[in-house]
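# no FASTA, just this:
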Ligand SMILES: [Fe+2]
Ligand SMILES: [Fe+2]
Ligand SMILES: [Fe+2]
Ligand SMILES: [Fe+2]
Ligand SMILES: [Fe+2]
Ligand SMILES: [Fe+2]
Ligand SMILES: [Fe+2]
Ligand SMILES: [Fe+2]
């Protein structure tokens, strides 16, 4: 299976990077799955139903979220009707939506998208390791599903790497989000799971994690309420990873980063 | 000026990556300066005087530290005698050592190394932004010093990027450390400062941020005292960045990541 | 039922305050239950099996713990054999020991002791609210058990108060521990549950939360490794609360603080 | 000198407790100074200029703040004109207002009010210990000022106690705020400084730290945006401490808590 995963889409710059690049990426990489973390797609805070719809219309298979899941209150009712929008699995029971989405191809193959949130330096959530292990009792890689990708939305690299090594061999890929910074530690772990600490954001990198840089930087110095944060509006970069998995084993065969447009160094998978 | 900066050296795997690669790097990149963050060089915790000496003997110009500065108590007295070992500038007054080191070339050029620590998700320290601004009153880029590199040892990407945009045009480079993960957001900011969120660690990446992976991962699940953490002992990768600055302006002309050996994708600057 | 609850016993000063005061308290208050948080009883860190035994020999009914549960590794095996030592309920499944203890009187009455840990400003644990609610499905106040006391070991007053109002009417008492400071907000909540944010420590108050004051205070200023923390060794105060419950309803009828000996203002319940 | 200090005033319930009780307290305790932390006086968030004025009109000498200092933006310009409103001393240089206020009696005696903020579990601020020590170089207790009271607005009891023992003998009193919970650890430290970890809030205690209890408690369980927090509106308690100092030495001779009205146990100083 050929899977594109794109990191946190931030505001208009991020959305435009995604919408303008997807036709090229579909042509170039022939993805079976396009998975996108869109927790910051609407003005930097949350995801509106209409932007979600636009992403699906553009070919996105499944959307994941994070700590900004509920910044847009209109998503709360929308997520109940739209199972392709996945919020972190480790929200408490009773939280609207679900923490995973099972996509079924017309040929019968199945792809499982999971979204979890880290806990180190973040809000108190249920244990993402235990809940993922429990879910994987039901969905067996290479047996009942052909590929599984986990978006771990977390701050600490130690927690992301711990998650990767814990589920190495049990999922096709563990890809981090939330730091809005692409990492260059992509690799196939010994058990066959593709890993990258963070996919990076889709947005304007002349910024502070996608937000207008002057006001965002001043928060670290001034300790006063400043202007309301708003996304930076320069040309966005698209950031993500591309993974090729084996439909028999469900394990990853290749992983490579994608960086396209905007201010970052450019890279495109060669497979 | 041609500057190599290497991220957190972790344990024996990290040290061997550095010692075995430096001859090649010196030959290949002809660096004027080699700057290394070595806060985890001794068994993953702190820096012993003898390892510091070995690094200097191998050609390192200046060593920086971080939150693990004082894990080795023998460094506390040693740092007073060895100004080339720099601890974060924003420790409180009275802390042994200094937060910067001014290296003078035989031709009179000067290079200023600064180490600061972030505060978001970290211990309460003095303000790294203000102290850096004050220090830069004394050392003026392109006037009294030919190049300035700041190692910002911090957890949050938002704080690192805020630091970069704040000092854009005032220092040659701002390079992050501490997450032990190389990022691929290296670029020259609009004002001429080279930036990368994290240089990445020098160490074994079949691990959890350089430590033996099974015991480190279990800490996130078990909430019990486990085995003592020890560094992973597989083959290490060397991770860092290479920066070329203009001796007239002090600003950066080029920045590129270095990843060499071990499990990560390999990259070497072409300038 | 007449219940004495004593807050975190810290080191020798705390132990001596408890051992020397219990005969008087038993005589004066005729308690049916004596419940003690002893997470710091052994030199300030953890609880040794022998000190636990000495507390039981002195008349203690049940011991609770907290974030220092496992500081003494010899407790890990001991807790499996000694159900009267209760560790926080919201440790992950598989953790040694249990999060509650059911004490049965010879006359058939039952008392349930529960220990939970807060999560705000503390380590990532399972949800203490949900686990307590689940446990209370099984043990019904005024139906199957005659009294229930929850020791909520937590940092933030907001979390403790939230816990109290959430279980108001469902348990006999919610008493906080962990801050090592007695609060004077004891009262019966509208639903009939006795509440006090923190019972206070049993220990020497000429200290920093029970530890030798000079070295403890210097940690906030110096940011260097200091001397190893050790408990203050002056005369200890005993701190706790006394609660009278109705055996029919299980609800609380009276609550009053106990402060005895040492440096604090003295107070003794008059019922 | 006879000093009343009142803890965080929360919303209308807190304000009414203060306004209705002050005539009695003035009559009963004959205070020379009335100092009030009012960071939550306006609907639970910040302090409006008009409420500040009403407090001064009611006899308040000086008002302190905390982490909610700037929740009301109209206070930002007002504080520049009104030196009797004191914000934490350890905001960065350039922050509006001042961290202390020197009150001069008609007979020439002087009282110094200081407000500092803790850093453990709170935002990154400048070092409150060092800044206080520096300020006390200028204002010498028993020499140039007759009494000094520090309001330490902090979360952790360890930090508050560390502050108390550090300035024991150098100020008349160190009184904590911020937890909205009165503590019963009031005492005179060995050097002569009066201390209490927290003065407690002035507000409705049928609440979660003064806010409407159902919505506040649900935040710990639901992890969803809830209703906007609003203060609880039942009858408020007034909480504070009363301190008697020696005008010659500046040291404290007596300290006792005040709890009056509302749901808490009542107590009034007998001196
Ligand atoms: Fe994000
Ligand atoms: Fe996020
Ligand atoms: Fe490190
Ligand atoms: Fe570090
Ligand atoms: Fe404790
Ligand atoms: Fe504790
Ligand atoms: Fe407050
Ligand atoms: Fe506060």
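Nice, I can see it. The shown structure was predicted, so the numbers you read here are calculated from the model rather than taken from an experiment. Ligands and ions are numbered 1, 2, ... in the order given.

# Tell me the bridge partners for residue A:10.
With DSSP bridges as the criterion, residue A:10 is bridged to residue A:40.

# Now do it against residue A:264, distance only.
In this structure, residue A:10 and residue A:264 are 14 Å apart, going by CB to CB, to the nearest Å. The C-beta positions use only the backbone N, C-alpha and C, and glycine is treated the same way.

# Specify which residue of the two has the higher count of neighbours.
residue A:10 (30 against 18; other CB atoms under 10 Å in any protein chain shown).

# List the contacts of that one.
Each residue near residue A:10 by CB atoms under 8 Å, 6 or more residues apart in numbering or on different chains is listed here: A:40-41, A:44, A:180, A:201-204, A:209-211, A:231, A:236.

# And the pLDDT for the closest residue to residue A:141 other than its chain neighbours?
What sits nearest to residue A:141 in space, not counting adjacent residues and going by CB to CB, 6 or more residues apart in numbering or on different chains, is residue A:250, at 3.7 Å. What the model reports for residue A:250 is a pLDDT of 98.

# which phi and psi does residue A:250 have?
Main-chain dihedrals, residue A:250, degrees, to the nearest 10: phi 80, psi -10.

# Spatially central residue in chain A, please.
residue A:37 (3.5 Å; CA atoms, centre = their mean).

# At which residues are the helices of chain A located?
Using DSSP state H, the helices found in chain A span residues A:11-29, A:49-57, A:74-81, A:128-138, A:157-166, A:213-222.

# Does ligand 1 have contacts with the longest one?
This means helix A:11-29. No: Helix A:11-29 stays clear of ligand 1 (CB under 5 Å from the ion), getting no nearer than 9.8 Å.

# tell me what that helix is packed against?
Secondary-structure packing of helix A:11-29 (3 or more CB pairs under 8 Å, 6 or more residues apart in numbering or on different chains; DSSP states H and E): strand A:2-6, strand A:33-37, helix A:49-57, strand A:238-245, strand A:252-260.

# still on that earlier bit, Throw the contacts of residue A:10 into JSON lines and include pLDDT and neighbour count, thanks.
JSON lines is the format used below for the contacts of residue A:10 (pLDDT from 0 to 100; neighbours: other CB atoms under 10 Å in any protein chain shown):
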{"residue": "A:40", "pLDDT": "98", "neighbour count": "32"}
{"residue": "A:41", "pLDDT": "98", "neighbour count": "31"}
{"residue": "A:44", "pLDDT": "97", "neighbour count": "27"}
{"residue": "A:180", "pLDDT": "98", "neighbour count": "28"}
{"residue": "A:201", "pLDDT": "98", "neighbour count": "34"}
{"residue": "A:202", "pLDDT": "98", "neighbour count": "33"}
{"residue": "A:203", "pLDDT": "98", "neighbour count": "36"}
{"residue": "A:204", "pLDDT": "98", "neighbour count": "26"}
{"residue": "A:209", "pLDDT": "97", "neighbour count": "26"}
{"residue": "A:210", "pLDDT": "97", "neighbour count": "28"}
{"residue": "A:211", "pLDDT": "97", "neighbour count": "26"}
{"residue": "A:231", "pLDDT": "97", "neighbour count": "24"}
{"residue": "A:236", "pLDDT": "98", "neighbour count": "32"}
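
# Which positions within the lowest-mean-pLDDT helix or strand in chain A qualify as buried?
Of all helical and strand segments in chain A, the minimum by mean pLDDT, DSSP states H and E falls on helix A:213-222, at a mean of 93. Residues of helix A:213-222 classed as buried by neighbour count (16 or more other CB atoms under 10 Å in any protein chain shown): A:213, A:216, A:217, A:218, A:219, A:220, A:221.

# got the contact list for that helix?
Outside helix A:213-222, the residues touching it (CB under 8 Å, 6+ apart) are A:206-209, A:226-227, A:229-230, A:232, B:119-120, B:127, B:129-130, B:158-159, B:161-163, B:165-166, D:92, D:94-95, D:124.

# ok, back up a step: out of the contacts of residue A:10, flag the one nearest to residue A:20.
For those, the residue nearest residue A:20 by CB to CB is residue A:236; the value is 8.8 Å.
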